[in-house]
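Asks: could you work out the structure for the sequence below:
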Amino acid sequence: MRRGGGARKRAVPDGAARLGPLDGDIVSEVEGLFSKVRTYRRPPGAEWTLPDASVVLTDAPEPHPPLQQLKLSLNEVKNLLSDKDLDAWHQHTCSTHRAGTVTARLRAAAGAELCTQAWAKFYEVLATFPVLPQRALRAGELNSVHLCEAPGAFISALNHFLKTNVPHCDWSWVANTLNPYHEANGRGRAVADDRLIAHTLPWWFFGSDNTGDITLQKHLLQLQGFAGHMRRVDLVTADGSFDCQGDPGQQEALVAPLQLCEAVCALLLLGPGGSLVLKMFTLLEHSSVCLLYLLACCFRSLRVFKPATSKPGNSEVYLVCSRYHARDAARPLLSKLLRLYGPDMTRGGAVALFPRRCVPDSFLRQHEDVCRFFHDLQVATIRQNLALYGRVGPEERDWLQRLRDSTAHFYTERFQVQPLPRKHWLCRGGGASLTAAVGGARAWAPHRNQVGSFNQRKQLEGQRWWRRLAQGPYGELVEGHRHVPDGRGCLLSGPPDQYDLNAWFVLAGAALQKVCSSPFCDQGLLSLLNMALEERRTGVVPRTGVVPPAEDTVCAYCANEPADLVLTEFCSRDDVTSCLVLGGPALWGAPTSSPPPPPWLQFSPEPHPAVTDGSALHDASPAYQRELLRSVLSSLPRIPEGGALVVPVSSAFTRVTAGVVLSLHLCFGSISFCCPSPGPPAVLLCAGHAPAPPGLLGLLEAVLAEMGRLEREGGGQVLQFAPVEDLLKGALPVFLNTLNAAVARRRLHLLLQEREGGA
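Replies: Numbers count the residues shown, from 1 in each chain. Have a look, this model is predicted:
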């Protein structure tokens, strides 16, 4: 097996003969991209030792003036970008990124699975540094834990590296990340890309509350049990971050609590001789000084590395820590950190991990040199990109293209990336993936939610929701509600037969307080709707201060499609010979259309929770979910074969409501939907009733019973009963995404009408 960087030859790109006299300059610059590393060197003696546990998290942080000067200098340069349009600047920096074509080369030449920039960065780490302990490789057994790992590119890169370099190694892994399917996880923190997660769910740890939040003490303890089958953990990676575009100058401080939790978790998991790879953002705050000093005392080797494939204008670096040796010595300190473990260990930055006096000057001097090195690289890149912005002519474009070609060639030659047959991928076939399944359904959605310059986005932050709608990417979508009927042409055909009901199980967790995200809705659209509902709840209206009218106000601009007309049209279909409608006649309005509804239309005498309270809880209210499931469950045995069922729903943002829709899908030949005006937010039109699959009704009865038990005991909420893999199969996620988009845009449109009426 190759170690430490593979071949060191001076690689030049294919077609190098046409580079002429610039060959040497290009090769020199490309080699420099792969040399952005600094190493901490422990001085002789015992000067670098772990502080006593009694001083941990006791003193206020003391900023280090030289580091703060570097922070000020860096932020001054970053401020030059504040008036740049985000999309335009992103495209520009992608075009100047020397390693911007590496991933395309790897996908084409090496068959790399989930080959993102993160894949290329971690493969670069693996091929450059001895992070895989030789003891483990000699024994043919490697165990790894991956924290904050979504979407899973580090795992995929490690799989590729092992299969092509150490093919007989027995590798076990587990991973943690914020659960992309949990409705309480906002997309500013959770990664929605589930291409790997959906195929490997049993290996992912989300904790007892199903959120996946590794900053919770209970999850740290549970993760140790989840990885308990491993004799020894040899490698921990931690790639955590979240969206800091609202305050990029404070990125390091904002992410510091998460990074401290990741480091503590790694030190508790790793066995002797193990390695840690931890993502950081600049290293200028006292919190970073303390964290690096802790790691310098615990590992025999500590390096700061900026991969060539990491965009050089950002602040991202990786700590590469090898040969963990201080597990016993760190036990008292880790015991205290474990007791205090949580997202607020440092009490919002009010206390430091270590007092300043515990960090030796010899470490600080090295740390300042490291920070200055990476500061200078980042500042130089930003200034160069600014100089080229809008000024890339044919000569510059040709130069950049040759640099990019050279870098991609150099990467594959230096690290000798070998092809990996698809049969050795982690995801070997097709199957469920929300990312792939709803891609087509999101064709109407904007490509990027962050638009405009930083200054424009900051201005927009203080605006009311309707101004954000008008100036943001969703205005046209919501206005389109006037002209395009919702739900037309969206059909679930069934019943499908590829579901194993024996794999269905009830998953409960902490009760949801708000639906911050949904596996089945565009995040930006849902966030805008939540903002509108919150401002409506608090009575925020423009100019007049008049409280808006009720939300079921009829929109004067929309097609007049009242609920009773929807019933009439549905029951007039040739394939509908009998129809049961959930919800009494009052919900659907008195018949006003002609011809009147046919006699075989029957209303269920039982109440139905057609509409929730209009809050950001949407269909996540436990009472709503229980009544929805109860009414559906009680209605199914009463429908004759071939009969129809009409189900009003508030939305289908949650996995539970999605599970109810899937259950209906298993019982009917077709399901469509519409959004009546006026009427319930949405209506499911189920035709062609077939006998329920064996065991389905009993399973739904068990779910209903568990809902009742949790309500009585106040111990949480049912979060899911159909496996996520089943919720992502076939046409269901596209149907749900389209349904929720229709509900959201209609509600936003009605709220706009309220605003105009109130104004």
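Asks: CA only for contacts and neighbour counts going forward, please
Replies: Will do.
Asks: helix, strand, or coil at the most centrally placed residue in the chain?
Replies: Taking Cα atoms, centre = their mean, the centroid of the chain lies closest to residue 191, which sits 1.0 Å from it. At residue 191 the chain is in coil, as set by DSSP: H, G, I helix; E, B strand; the rest coil.
Asks: and the strands in the stretch 51-200 of the chain?
Replies: Here the stretch 51-200 of the chain has its strands, by DSSP state E, counting those that start in this stretch, at 141-147, 170-176.
Asks: just to revisit the earlier point, for the residue nearest to the centre of the chain, grab phi and psi.
Replies: With angles defined as degrees, to the nearest 10, residue 191 sits at phi -90, psi 130.
Asks: which ones are touching the closest residue to residue 298 other than its chain neighbours?
Replies: Residue nearest to residue 298 in three dimensions, not counting chain neighbours: residue 326, with 4.8 Å by Cα to Cα, 6 or more residues apart in numbering. By Cα atoms under 8 Å, 6 or more residues apart in numbering, the contact set of residue 326 is 272, 297, 298, 299.
Asks: please apply the same query to residue 740.
Replies: Per Cα under 8 Å, 6+ apart, neighbours of residue 740: 520, 521, 651, 652, 653.
Asks: and stretch 386-398, what's buried?
Replies: residue 386 (16 or more other Cα atoms under 10 Å).
Asks: starting at the chain centroid, how far to that stretch?
Replies: 34 Å (Cα atoms, centre = their mean, to the nearest Å).
Asks: run through who's touching it.
Replies: 89, 92.
Asks: tell me how many other residues surround residue 677.
Replies: 24 (other Cα atoms under 10 Å).
Asks: that one contacts residue 565, doesn't it?
Replies: No - in this structure, residue 677 is not within contact of residue 565 by Cα atoms under 8 Å, at 9.9 Å.
Asks: if I look at the residue nearest to residue 298, how far off is residue 518?
Replies: 43 Å (Cα to Cα, to the nearest Å).
Asks: what does residue 506 give?
Replies: Distance from residue 506 to residue 518, by Cα to Cα: 19 Å.
Asks: compare those two (neighbour count), which wins?
Replies: More neighbours surround residue 518 than the other of residue 506 and residue 518, with 24 against 17 (other Cα under 10 Å).
Asks: quick one, what contacts that one?
Replies: 181, 182, 183, 653, 654.
Asks: for the closest residue to the fourth one other than its chain neighbours, give its distance to residue 183.
Replies: Yep, that's residue 653 we're talking about. In space, and not counting its chain neighbours, residue 653 is closest to residue 518: 5.3 Å by Cα to Cα, 6+ apart. To residue 183, residue 518 is 5 Å away according to Cα to Cα.
Asks: find residues that contact each of these two.
Replies: With Cα under 8 Å, 6+ apart as the test, residue 518 and residue 183 both reach 653, 654.
Asks: quick one, phi psi at residue 37?
Replies: According to degrees, to the nearest 10, residue 37 has phi -140, psi 140.
Asks: let me know the average pLDDT across stretch 195-212.
Replies: Stretch 195-212 shows an average pLDDT of 94 in the prediction.
Asks: contacts for that stretch, please.
Replies: Contacts of stretch 195-212 (Cα under 8 Å, 6+ apart): 114, 150-152, 173-179, 182, 184-185, 213, 218-219, 222-223, 226, 426-427, 431-436, 508-510, 724-725.
Asks: list buried residues within these.
Replies: Using 16+ other Cα under 10 Å, the buried members of the contacts of stretch 195-212 are 114, 150-152, 173-179, 182, 184-185, 213, 219, 222-223, 226, 426-427, 431-436, 508-510, 724-725.
Asks: secondary structure class for the residue nearest to residue 653?
Replies: coil.
Asks: now residue 352: closest residue in space, sequence neighbours ignored.
Replies: Closest to residue 352 by Cα to Cα, 6+ apart is residue 61, at 4.8 Å.
Asks: neighbours around the one you found, how many?
Replies: Residues lying near residue 61 (other Cα under 10 Å) number 20.
Asks: so it sits right up against residue 358, yeah?
Replies: No - checked against Cα under 8 Å, the pair residue 61 and residue 358 is beyond contact range at 11.9 Å.
Asks: surely residue 322 meets residue 274?
Replies: Yes - contact between residue 322 and residue 274 holds when scored by Cα under 8 Å: they sit 6.4 Å apart.
Asks: who has more neighbours, the two?
Replies: More crowded of residue 322 and residue 274, by other Cα under 10 Å: residue 274, with 28 against 25.
Asks: shaky segments in this protein?
Replies: Along the chain, segments meeting pLDDT under 70 span 1-23, 246, 429-463, 466, 477, 479-488, 539-560, 589-599, 605-614, 755-759.
Asks: okay, now the domains of this protein?
Replies: For the chain, automatic domain parsing gives the domain ranges 16-424, 463-758.
Asks: beta partners for residue 673?
Replies: residue 684 (DSSP bridges).
Asks: how many other residues sit next to it?
Replies: 26.
Asks: could you do the one 3 residues further on as well?
Replies: In terms of burial, residue 676 registers 25 neighbours under the definition other Cα under 10 Å.
Asks: same check, this time on residue 65
Replies: That count, for residue 65 with other Cα under 10 Å as the rule, works out to 10.
Asks: residue 698 now?
Replies: Residue 698: 11 neighbours (other Cα under 10 Å).
Asks: so what touches stretch 717-729?
Replies: Residues contacting stretch 717-729 (Cα under 8 Å, 6+ apart): 181, 198-199, 431-434, 437, 499, 503-512, 622, 654-656, 658-659, 662, 703, 706-707, 710-711, 733.
Asks: circling back: ok, the residue nearest to residue 653 to residue 472 distance?
Replies: Taken as Cα to Cα, the span from residue 518 to residue 472 is 21 Å.
Asks: for residue 616, see how far away residue 306 is.
Replies: 41 Å.
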